[in-house]
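# Give the three-dimensional model of this entry:
(one chain, ligands or ions: 1)
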Amino acid sequence: MPVPLPSPSEHERYSRQILFPGIGASGQQRLGDASVAIVGVGATGAATASLLARAGVGQLTLIDRDIVETSNLQRQILFDEADAAAATPKAEAARAKIAQFNSSIQVHAQIADLVPGNVHDLLRGAHLILDCTDNFETRYLLNDYAVEQGKPWIYAAAIGAYAATMNIIPAPADEATACLACLFPAPPAGPVETCDTSGILGSAVNLAASIQSAEALKLLTGQPQLMRRTLLSFDLWTSQRSEIRASAPDPACTVCQQRRFVHLAGSARPHITLCGRNSVQIHEHHRPLSLAELHQRLQPQAEIESLRSNPLLLRFRRGAHQITVFPDGRALIQGTTDPAVARSLYARFIGS
Ligand SMILES: [Zn+2]
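Take a look at the predicted model:
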């Protein structure tokens, strides 16, 4: 079927990419018709969102639960000092930045934690899901959802100088790759390395994002047969590279073969310690809050400092803790890694 060509101005914008034989004018048109969800808009997610927005993917949904901080600026390429000073939610900061360099695509910012209760809603329209998270609970949730729905997703991770990525294509069944659970039936046990413990190079992030984005372009332009069918990892400091075969499902896999979706059925975690700082997220209270009312209620309290709010968040300091509350009832408590302390602050100032 003939594909309509991009308009003259769109052609100009994407001319260098259209010149690339792997994309061409018809591939560019397909990108414009595509919808991609990016889960996590931290370092990898910001780089991937920037690449795909500039490449002309027509619809991007950016899902992130976090706010921009100064320690993000070393590697999170869509954010600037003003975003950190204002504690702008990352999904919204990324949306606003993308609008400055490509206003012809649609970007939907979702300030939310992806959990079993909202995963179907948030990912419904996406043709492809890109994992840019920093935790395995969300990745196993994505894997369950993607296998259940027969949707492709791309795992990507970066830590230290190391990047790893894998394409998971669950359908059609006779061409399916391995899923995440085929290779790793359970999430890693015990402490997992994070940016907090191992540090991270911006270049490792950008490598993971570049590979993930290039694989996404192959899929979105209708060339899934060109996609890599391995788990690839590369250490930029030692130049060591490894690949693990992932070309076909494990016949014993409980997820893609037996279709048991325990992560999709599971309840949300009661609290999470976030990557990148000394903080705990409380998200067990899934009920909308009026930030304006909360602001009025907190204003007279003498121990509360630096209280401010806007439609996206409310923020204040109390002693050594900084507390950020979102309209969906979620809160970030900075200055502790103790869930009990975070819970007690939440109950006291926001409600139980
Ligand atoms: Zn599997």
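# okay, CA-based contacts and neighbour counts for the rest of this
OK.
# Could you confirm residue 142 falls within a strand?
No - counting by DSSP: H, G, I helix; E, B strand; the rest coil, residue 142 falls outside a strand, being helix.
# Count the neighbours of it for me.
Residue 142 is flanked by 28 other residues according to other C-alpha atoms under 10 Å.
# Let me see the mean pLDDT of the helix or strand harbouring residue 50.
Assigning secondary structure by DSSP states H and E places residue 50 in helix 43-55. Mean pLDDT, computed over helix 43-55, is 97.
# Can you give the distance of the helix or strand following it from its chain's centre?
Note on helix 43-55: by DSSP H and E, the next helix or strand toward the C-terminus is strand 59-64. Remark: strand 59-64 is offset 8 Å from the chain centroid, using C-alpha atoms, centre = their mean, to the nearest Å.
# Okay, buried residues for stretch 160-175 please.
Residues 160, 161, 162, 163, 164, 165, 166, 167, 168, 169, 170, 171 are the ones in stretch 160-175 that count as buried (16 or more other C-alpha atoms under 10 Å).
# make that stretch 172-186, sorry
Neighbour count says stretch 172-186 has 176, 177, 178, 179, 180, 181, 182 buried, by 16+ other C-alpha under 10 Å.
# For these, which two are the farthest from each other?
The distance between the two most remote of the buried residues of stretch 172-186 (C-alpha to C-alpha) is 13.5 Å, for 176 and 181.
# Among the buried residues of stretch 160-175, which ones are in strands?
Using DSSP state E, 162, 163, 164, 165, 166, 167, 168 are the members of the buried residues of stretch 160-175 that sit in strands.
# where's the dip in pLDDT among these?
residue 162 (94).
# State the distance from the residue nearest to that one when sequence neighbours are not counted to the ion.
Spatial nearest neighbour of residue 162, excluding adjacent residues (C-alpha to C-alpha, 6 or more residues apart in numbering): residue 235 at 4.3 Å. Distance of residue 235 to the ion, given as C-alpha to the ion, to the nearest Å: 26 Å.
# ok, now residue 246?
10 Å.
# who's in contact with that residue?
Residue 246 sits next to 177, 178, 179, 183, 229, 230, 231 when contact means C-alpha atoms under 8 Å, 6 or more residues apart in numbering.
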